[in-house]
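Kindly generate the corresponding structure for this input.
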Amino acid sequence: MNKTAGQKSASEYLYPAIHPFDQRMMDVGDGHQVYVEQCGAPDGIPVIILHGGPGGGCSPAMRRFFDPAIYRVILFDQRGCGRSTPHAAIEHNTTWDLVADIERIRTALGIERWFVFGGSWGATLALIYAQTHPERVGHLILRGVFLMMQRELDWFYGGGAGAFWPDQWNAFASLIPADEQNDMIAAYHKRLFSDDPAAQVKYAQAWSRWENALASIGANGVSGVPSAEYARAFARLENHYFFNGGFLETDGQILRDMPKISHIPTAIVQGRYDMITPPRAAYEIADSISTCELVMVRDAGHALSETGITRELVRIMDRLGHSRARLGV
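Model prediction:
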């Protein structure tokens, strides 16, 4: 969308760039090393950031949603992506491995309880972590809620979103023979995990471009070609998780287990026109938590960087930062 006179850009709501005071590679077992960093105030309110994907990795921009004088910000690259190694590896890489890694990080950093901040897949992981370790979560802050349900995968990989973006959907689907297009996740899985490195990159870039093209409400359907290294990790990990149903016991597990965390204060920021994770999931989570604050941003899609979403997340974190004693973190 075009910026009109008097409107702020997303970056104007963010705090200035801050640099880590601690960076480390953490051995989490199974041959995996995950990258962990801390920035902001060493004695501040601890908040862990869970990035999207799976496979997206964290970025310096994610640090800027938090007042560095108030928050102790912890970011990490989940298994197989970003600076974590081995790159693009799916072995010993499941939702439950990631939940265990989050606990390893908390313990290693000597944190009793923290805020958990996540968007898209990061929101999925935040909810599952909270349901597994509710005593460790002081507040949940979610954006673009994704529940890892079949209906959501059917929407995005079965033609629902494609009805709004037929040109981009055709570019994504046309790489797959017609007789395999009834299950695009399985069709891409076969190619992303083939023995042909060139084919892996070709299909990884197509997978990544389909998602990137729809991320923002201001998108025109055109997205750049992601680097081979990034696309391979992002597409292989995301497809691996989706192909395996997020490694959950049953479809709808997160909704089933909401009573475990109905007492945890929660804030949700959701784009009204989110093509990747439609608002239904955000409403369902909000209905399960009596103290939940749901902010529906009218002129926004899915991207963390959209102005309305950025503005609301910074507002929420500023408010929570000044409520430290009440929240007991």
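
low-confidence ranges in the chain?
Low-confidence segments of the chain (pLDDT under 70): 1-6, 221-223, 324-329.

can you pull out the strands in it?
Using DSSP state E, the strands of the chain run over 20-29, 32-40, 45-50, 71-76, 114-119, 137-143, 266-271, 293-297.

Asn182: which of these is closest?
Of all these, strand 266-271 sits nearest to Asn182, with 29.2 Å by Cβ to Cβ. In this view, the C-beta of every residue, glycine as well, is placed from N, C-alpha and C.

Paired strands for the closest one, with orientation please.
Sheet pairing here is set by DSSP bridges, and for strand 266-271 it gives strand 137-143 (parallel), strand 293-297 (parallel).

Report the inter-axis angle for it versus strand 114-119.
Angle between the axes of strand 266-271 and strand 114-119 is 20 degrees (criterion: axes from the mean of the first three to the mean of the last three Cα atoms, to 10 degrees).

got the CA coordinates for strand 266-271 in PDB?
Taking Å, rounded to 0.1, in the frame of the first residue of the first chain, the C-alpha atoms of strand 266-271 are listed here in PDB:
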ATOM      1  CA  THR A 266      -2.000 -13.400  25.800                       C
ATOM      2  CA  ALA A 267      -2.000 -10.800  23.100                       C
ATOM      3  CA  ILE A 268      -2.600 -11.500  19.500                       C
ATOM      4  CA  VAL A 269      -2.000  -9.200  16.500                       C
ATOM      5  CA  GLN A 270      -3.600 -10.500  13.300                       C
ATOM      6  CA  GLY A 271      -3.900  -9.000   9.800                       C
END
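
Tell me which residues are up against it.
By Cβ atoms under 8 Å, 6 or more residues apart in numbering, the residues outside strand 266-271 that reach it are 139-145, 217, 279, 282, 285-286, 289, 291-297, 300-303, 306, 308-309, 312-313, 316, 320.

how long is stretch 168-180 end to end?
For stretch 168-180, the first-to-last residue distance is 18 Å (Cα to Cα, to the nearest Å).

Highest mean neighbour count out of the strands paired with strand 266-271?
strand 137-143 (a mean of 25; mean count of other Cβ atoms under 10 Å).

neighbouring contacts of that strand?
Taking Cβ under 8 Å, 6+ apart as the rule, strand 137-143 contacts 47, 113-120, 122-123, 126-127, 129-130, 261, 264-270, 282, 285, 304, 309, 313, 316-317, 320, 327-329.

Quick one: the helices in the stretch 101-250 of the chain, in order.
121-132, 150-157, 166-173, 184-192, 197-213, 228-243 (DSSP state H, counting those that start in this stretch).

Which of those sits closest to Arg79?
helix 228-243 (8.1 Å).

buried set for the closest one?
Neighbour-count burial for helix 228-243, with 16 or more other Cβ atoms under 10 Å as criterion, is recorded at 230-243.

Ok, stretch 302-315 next?
Buried residues in stretch 302-315, defined by neighbour count with 16+ other Cβ under 10 Å: 302-304, 306-314.

taking these one by one, which sit in helices?
Using DSSP state H, the subset of those located in helices is 307-314.

Quick one: closest of the strands paired with strand 266-271 to Met275.
Proximity to Met275, assessed across the strands paired with strand 266-271 by Cβ to Cβ, is greatest for strand 293-297 (13.9 Å).

Including distance to Pro54, could the strands paired with strand 266-271 go into JSON lines?
Output for the strands paired with strand 266-271, formatted as JSON lines (distance: least, Cβ to Cβ, whole Å):
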{"stretch": "strand 137-143", "distance to Pro54": "16"}
{"stretch": "strand 293-297", "distance to Pro54": "24"}
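
Would you agree Arg272 is in contact with Leu294?
No. Counting by Cβ atoms under 8 Å, Arg272 stays clear of Leu294, with 11.5 Å between them.

nearest spatial neighbour of Ala186, skipping sequence neighbours?
Nearest residue to Ala186, sequence neighbours excluded (Cβ to Cβ, 6 or more residues apart in numbering): Phe243, at 6.7 Å.

dump the residue contacts of the one you found.
Counting by Cβ under 8 Å, 6+ apart, the residues that Phe243 touches are 185-186, 189.

how close does the most centrally placed residue in the chain get to Phe234?
Central residue of the chain (Cα atoms, centre = their mean): Gly52, 2.2 Å from the mean position. The gap separating Gly52 from Phe234 is 10 Å, by Cβ to Cβ, to the nearest Å.

out of the strands of the chain, which comes closest to Thr94?
For Thr94, the closest of the strands of the chain is strand 32-40, at 11.6 Å, according to Cβ to Cβ.

tilt between that closest one and strand 20-29?
Relative orientation of strand 32-40 versus strand 20-29 (the same axes, to 10 degrees): 160 degrees.

Output strand 32-40 as PDB, nothing but the C-alphas.
This file holds the C-alpha atoms of strand 32-40, laid out as PDB (Å, rounded to 0.1, in the frame of the first residue of the first chain):
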ATOM      1  CA  HIS A  32      22.700 -30.100  16.000                       C
ATOM      2  CA  GLN A  33      24.200 -26.800  17.000                       C
ATOM      3  CA  VAL A  34      21.800 -23.900  17.300                       C
ATOM      4  CA  TYR A  35      22.700 -20.200  17.200                       C
ATOM      5  CA  VAL A  36      21.600 -18.200  20.200                       C
ATOM      6  CA  GLU A  37      21.900 -14.400  20.900                       C
ATOM      7  CA  GLN A  38      21.000 -12.000  23.600                       C
ATOM      8  CA  CYS A  39      20.600  -8.200  23.300                       C
ATOM      9  CA  GLY A  40      19.100  -5.300  25.200                       C
END
